[in-house]
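K.L.:
Quick one, fold the following:
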Amino acid sequence: MRVLLIEDDLVLGTATRDQMADDGHSVDWVNRLDHADDALAAADFDLILLDLMLPDGLGISFLRMLRGRGEETPVIILTALDQVSDRIAGLNAGADDYLVKPFDLAELSARIGSVVRRYAGNPNPIVTLGPLQIDLAARNMTLGGKPVTLTAREWVLFEAFVQRPGQLFSKARLEERLYSFDSDIESNAIEVHISRLRKKLGAHVIQTERGLGYRLGRP
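P.N.:
Numbers count the residues shown, from 1 in each chain. Down below sits the predicted model:
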């Protein structure tokens, strides 16, 4: 999943970015709203983490602007503003969740998973695909009752297919989910990840649509 982090606090921004990277997500981190707008114009993001007090303006005004122009990307507000009225204002402006600083990074990961599942149309974290049983919340799965271990990037890639089982993903779209602007991407990175997933989960778990991309198949 590709995440846009809008945060001007160096310590918190670093910790949040590192947590998201450990979870296998790619993170583009900006510390100003104008830079955030530029990033949104340049790439598609799966999630926005938004501070409310930025050097060049208020995050809540930025959020209202995004929703006003039809931007549907999920947004989680991260802020030190802890009054009930602040939370209500944030949710009414179009936020999907609201976390008050300081927060536990593991809780942030859990809330991100919950928001993403809701947007995918399946809030249930347990998914069964043939012999595969997948727990999206705990990030683990079994194949025929036996546990399967995936790397962080393999998990994020497979999760994209599971959450949207009928969708065709182009190679470029998958690269966007896995890598941020400053990442060095090998030309065959997606093919390598998919090959490893097939070895672990079954040759037909991901289907190749030649010249178009990939979609979830039958495990």
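
K.L.:
C-terminal to the lengthiest helix in the chain, what's the next element?
P.N.:
Secondary structure of the chain per DSSP state H: the longest helix is helix 105-119. The helix or strand immediately downstream of helix 105-119 is strand 126-129, counting by DSSP states H and E.

K.L.:
what helices or strands is that following strand leaning on?
P.N.:
strand 132-135 (3 or more Cβ pairs under 8 Å, 6 or more residues apart in numbering; DSSP states H and E). Every C-beta, even on glycine, is put in place using the N, C-alpha and C of the backbone.

K.L.:
Now do the strand it packs on: distance to the chain's middle.
P.N.:
Between the centre of strand 132-135 and the centre of its host chain there is 19 Å, according to Cα atoms, centre = their mean, to the nearest Å.

K.L.:
Give me the buried positions along it.
P.N.:
Leu132, Gln133, Ile134 (16 or more other Cβ atoms under 10 Å).

K.L.:
do stretch 183-200 as well
P.N.:
Under the neighbour-count criterion of 16+ other Cβ under 10 Å, stretch 183-200 has Ala189, Ile190, His193, Ile194, Leu197, Lys200 buried.

K.L.:
In helices only, show me those residues.
P.N.:
The helices, defined by DSSP H, take in Ala189, Ile190, His193, Ile194, Leu197, Lys200 from the buried residues of stretch 183-200.

K.L.:
Just give me the neighbour total for the closest residue to Ile185 other than its chain neighbours.
P.N.:
Excluding its sequence neighbours, the residue lying closest to Ile185 (Cβ to Cβ, 6 or more residues apart in numbering) is Tyr179, at 5.2 Å. Neighbourhood size, Tyr179 [other Cβ atoms under 10 Å]: 17.

K.L.:
Hmm, Gly24 and Tyr179 touching each other?
P.N.:
No - when contacts are counted by Cβ atoms under 8 Å, Tyr179 is not listed as touching Gly24 (11.3 Å).

K.L.:
where do the helices sit along this protein?
P.N.:
Remark: helices assigned in the chain by DSSP H are 10-22, 33-42, 59-68, 84-92, 105-119, 152-163, 171-178, 189-201.

K.L.:
and the ones you listed as CSV, adding mean pLDDT and distance to Leu212?
P.N.:
Supplementary listing: these in CSV, determined by pLDDT from 0 to 100; distance: least, Cβ to Cβ, whole Å:
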stretch, mean pLDDT, distance to Leu212
helix 10-22, 92, 29
helix 33-42, 95, 24
helix 59-68, 94, 30
helix 84-92, 89, 39
helix 105-119, 87, 24
helix 152-163, 87, 14
helix 171-178, 85, 9
helix 189-201, 93, 13
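
K.L.:
Tell me which of those is the most buried.
P.N.:
Most buried of those by mean neighbour count (mean count of other Cβ atoms under 10 Å) is helix 152-163; its value is a mean of 20.

K.L.:
the inter-axis angle of that one versus helix 189-201?
P.N.:
Helix 152-163 and helix 189-201 meet at an angle of 80 degrees, taking axes from the mean of the first three to the mean of the last three Cα atoms, to 10 degrees as the criterion.

K.L.:
ok, residues contacting helix 152-163?
P.N.:
Applying Cβ atoms under 8 Å, 6 or more residues apart in numbering, the contact partners of helix 152-163 are 1, 22-25, 116-117, 120, 122, 127, 129, 134, 136, 139, 150, 167, 169, 174, 177-178, 190, 193-194, 196-197, 200-201, 206, 214-216.

K.L.:
So which elements touch the longest helix of the chain?
P.N.:
By 3+ Cβ pairs under 8 Å, 6+ apart, helix 105-119 packs against helix 10-22, strand 47-50, strand 75-79, strand 97-100.
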